[in-house]
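J.: need a 3D model of the following:
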Amino acid sequence: MLQEDPRRTHLPAVLSRIAALYEGTNQPVVQPAGRTAQPALAVVAALNAPRGFEVVVALTLSESGEHVIYTGPPVAEKDLPQAIEEALNFAESMGFILDATGWNNLDAARRAELVERIAIFRPPVPKSAAPLAKPKAEDPIAAVARLFAAFSFLLLISCGGLTAEQRAQNAEVHWQLGDNLISQQDPQQALREYLVSLDYDETPEAHNGAGLIYSWSLGRPQDGEKEFKRALEMRPDYSEALTNLGALYLSRERYADAIPVLEKAAKDPLYKSRILAQSNLGWALHKSGQSERGISEIRGALQVAPKYCLGWRQLGTIFSEKGKLDEASTAFARYAEECPDVADAHYLLGKILARRSKAAEARAEFERCAIPKQDKDKPLAAECAKFLKEMGTP
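T.: This is a model prediction of the structure:
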């Protein structure tokens, strides 16, 4: 299990110590323990250690400038691939998308350039001052909800207490506020609203919301699991909580636990986000050794939502892992077609085409992702440019 090491401020910029390196291609908003929520860059690295290898997940927080490093016990060389896979899953559970830098295939100059560019290999440079919290525009529903909450508080003072109906109404107001704050990427305030809601009256919605924040923003998966399970004790057919619990199990590689809860959510015909449960179910089945069933579930989700990017990515990845390059190429081509602005789609398609010796088509895909559309795409664009260089002049 990876744990934060508060003594570590950065990774050693010693090329000979690096055995593998993965770099994040996006900047999700995260909230490591004791920090404010903010965008971050991620790196997964395997380092030579005195007793084998050390695998770390290292974050660079965009606003504060500090580094947060998670590490586990040293592993033997035979266990290194599994340790790297666990670290990648840990990072992905926080919302990061990571890709290999091809470290072992780089020459010394390219390795040095890569290490020089990545901030985690340098001591952190704290910002001169913490950024001011910018007030968020509150939508009309949230404004009305806050007025209602204030009105209820006055009732409490003037009447000496609240009726059961009033407590239930107040609870609903606060968990709806929590949902609104999550959409505004303010997890701390959202959690506060959920907890206030639970003080008024216990509801599955508030437990589900608190579970989301504990699991994905605060890095407290055990607390998140408890909240999701409590929501399901209160409402066993609560498909949103089932889907969230299943996603948490996937992030912890508990695939056997994920399958039954995701199956239940995927069978709910009234659940608006049923495709999320169904595609995640497919991934859990694949990781449990039931790839054919998994492929069937993901394809079922894509029939309903053909523009669901993650589904095409999952399908292409499964086929690629199984060596079915034609099928992988078809899936990644749909990924690129339905989600043309996602650079990762062209990168993955280009790699599969290159493996199939379709150099001209692979080059076209790498050219599409070699020019970043946003800052967050720059690391992946560098990888695409590297592949173009390795392919040489057409």
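J.: now E321: how far from E77?
T.: Between E321 and E77 the computed distance is 22 Å (Cβ to Cβ, to the nearest Å). All C-beta atoms are positioned from the backbone trio N, CA, C, and that covers glycine.
J.: what of Y22?
T.: Here the criterion is Cβ to Cβ. By it, Y22 lies 18 Å from E77.
J.: of these two, which one has the most company?
T.: Each of Y22 and E77 has its neighbours counted (other Cβ atoms under 10 Å); Y22 has more, 21 against 10.
J.: my guess is that one meets L98, correct?
T.: Yes. Contact status for Y22 versus L98: in contact at 4.5 Å, counting by Cβ atoms under 8 Å.
J.: between the two, which contacts overlap?
T.: Contact with both Y22 and L98 is made by residues V44, L88, according to Cβ atoms under 8 Å, 6 or more residues apart in numbering.
J.: which residues touch D326?
T.: Residues near D326 by Cβ under 8 Å, 6+ apart: R356.
J.: same question for whichever strand or helix holds it, mean pLDDT?
T.: Counting by DSSP states H and E, the element that carries D326 is helix 325-338. Averaging pLDDT along helix 325-338 yields 93.
J.: same question, stretch 224-231
T.: Taken as a whole, stretch 224-231 carries a mean pLDDT of 96.
J.: number of nearby residues for E63?
T.: The local packing count at E63 equals 14, with neighbours defined by other Cβ under 10 Å.
J.: from here on, call the first residue 33.
T.: Right, with 33 as the first residue, what we last looked at is E95.
J.: and it, which of the three is it?
T.: E95 falls in the coil class when you classify it by DSSP: H, G, I helix; E, B strand; the rest coil.
J.: correct me, but it touches T68?
T.: Yes. Under the criterion of Cβ under 8 Å, E95 makes contact with T68 at 7.4 Å.
J.: if you skip the residues just before and after it, what's nearest to E259?
T.: With Cβ to Cβ, 6 or more residues apart in numbering as the criterion, E259 has its nearest non-adjacent residue at 3.3 Å, and that residue is G243.
J.: quickly find the element holding the one you found.
T.: Residue-wise, G243 maps onto helix 236-244 under DSSP H and E.
J.: ok, now G355?
T.: Assigning secondary structure by DSSP H and E places G355 outside every helix and strand.
J.: R388 versus that one, what's the distance?
T.: Looking at G355 against R388, where the rule is Cβ to Cβ, the gap reads 12 Å.
J.: would you mind telling me which of those two has the busier surroundings?
T.: With neighbours defined as other Cβ under 10 Å, G355 and R388 compare such that R388 has more, 14 against 9.
J.: what's the more buried one in contact with, if anything?
T.: With contact taken as Cβ under 8 Å, 6+ apart, R388 is in contact with L357, D358, S361.
J.: now do A316
T.: Each residue near A316 by Cβ under 8 Å, 6+ apart is listed here: G278, Y281, L282, Y287, A290, I291, L294, G326.
J.: report how many residues lie close to the fourth one.
T.: With neighbours defined by other Cβ under 10 Å, the count for Y287 comes to 19.
J.: then the first one?
T.: For G278, the neighbour count with other Cβ under 10 Å is 29.
J.: was I right about it contacting A288?
T.: No. Shown here, G278 and A288 do not form a contact pair, counting by Cβ under 8 Å, at 11.5 Å.
J.: if I look at N80, how far off is P44?
T.: When Cβ to Cβ is applied, the distance between N80 and P44 equals 10 Å.
J.: do the same with A263
T.: Applying Cβ to Cβ, one obtains 44 Å for the distance of A263 from P44.
J.: packing partners of the helix or strand containing L264?
T.: In the assignment (DSSP H and E), L264 maps to helix 253-266. Using 3 or more Cβ pairs under 8 Å, 6 or more residues apart in numbering; DSSP states H and E as the contact test, the elements touching helix 253-266 are helix 236-244, helix 271-283.
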